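Chemist: Okay, sequence plus prediction incoming.
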Amino acid sequence: MKGFLFWILKVAGWKIDDHVPTGIDKCVVVVGPHTSNWDFIIGRIAFLKYGVNAKFLIKKDLFFPPLGWILKAMGGLPVDRKQKNNITELAVKLFDEHEKLYLVFTPEGTRSYNPKWKKGFYYIAIKAQVPIYIAYMDYSKKIGGFERIFEPTGDADKDIEAIKVILSKYKGKFPENGIY
């Protein structure tokens, strides 16, 4: 099945960056720019290629049969956004329970342009004491992959701005909805 998925990406003209993550067992992954539902599919195939245990927090509303079964099989974890949940504590518990875990976030929180990113990914990384791995998708060059490790300093606003600058050089499927 993996070979077939890699073949589909290749036929579509996509390449997954050869920069394979090594030496990192647990991290928060920030992927950007997020402008299309295709980001999830392409990203999930990339994680398969890298062989990492990627998990995604996805709104509970999407976990109905058969879509819910597929999302769970792909690493999706349902989150009820209508209830007062402590997502940070839930995520830290996930890191405690797994020997290897890449917890993936699209901090824009939407596929539309959003200059005000959600900061949950940042606080999860701090509380779980894991690095942030910046990943990208560039539709203009049809390539995606891991950019670099980012160690949070504790200054959320400054660090998120630095991450935005790094990701702003990549173009989403709908560039007008990108980082800046």
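Modeler: Good, I have the coordinates.
Chemist: tell me the SS of the most centrally placed residue in the chain?
Modeler: The chain has Val104 as the residue nearest its centroid, 3.3 Å off, counting by CA atoms, centre = their mean. With DSSP: H, G, I helix; E, B strand; the rest coil as the basis, Val104 sits in strand.
Chemist: Now for Ile70, how many residues are close by?
Modeler: If you count neighbours by other CB atoms under 10 Å, Ile70 ends up with 12. In short, each C-beta sits where N, CA and C put it, glycine included.
Chemist: would you say it is within a helix?
Modeler: Yes: counting by three-state DSSP, Ile70 falls inside a helix.
Chemist: Could you report the separation of it from Arg44?
Modeler: Ile70 is 10 Å from Arg44, where distance means CB to CB, to the nearest Å.
Chemist: Name the nearest residue to Leu101, sequence neighbours excluded.
Modeler: Distances taken as CB to CB, 6 or more residues apart in numbering place Lys26 nearest to Leu101, at 5.1 Å, with adjacent residues excluded.
Chemist: That neighbour: what's it in contact with?
Modeler: Neighbour list for Lys26: 95, 98, 100-102, 128, 130 [criterion: CB atoms under 8 Å, 6 or more residues apart in numbering].
Chemist: From Trp14, how far out is it?
Modeler: 27 Å.
Chemist: for Trp69, same thing?
Modeler: Distance from Trp69 to Trp14, counting by CB to CB: 26 Å.
Chemist: Those two: which is more packed in?
Modeler: Taking other CB under 10 Å, Trp69 and Trp14 do not tie; Trp14 has more neighbours (19 against 12).
Chemist: now, the most widely separated pair of the contacts of Lys26?
Modeler: Lys100 and Ala128 (13.3 Å; CB to CB).
Chemist: Looking at those two, which is more packed in?
Modeler: Higher neighbour count among Lys100 and Ala128: Ala128, with 20 against 11, using other CB under 10 Å.
Chemist: Quick one, grab the pLDDT at the more buried one.
Modeler: For Ala128, the pLDDT comes out at 97.
Chemist: And it, its phi and psi?
Modeler: Note on Ala128: its backbone torsions stand at phi -80, psi -10 [degrees, to the nearest 10].
Chemist: re the thing from before, make a ChimeraX selection of the buried ones in the contacts of Lys26.
Modeler: This is how ChimeraX selects the buried members of the contacts of Lys26, with burial counted by 16 or more other CB atoms under 10 Å:
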select :95,101,102,128,130
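Chemist: Closest one of the contacts of Lys26 to Asn86?
Modeler: Closest approach between the contacts of Lys26 and Asn86, by CB to CB: Ala128, at 13.2 Å.
Chemist: quick one, what contacts that closest one?
Modeler: With CB under 8 Å, 6+ apart, Ala128 has these contacts: 26, 28, 91-92, 95-96.
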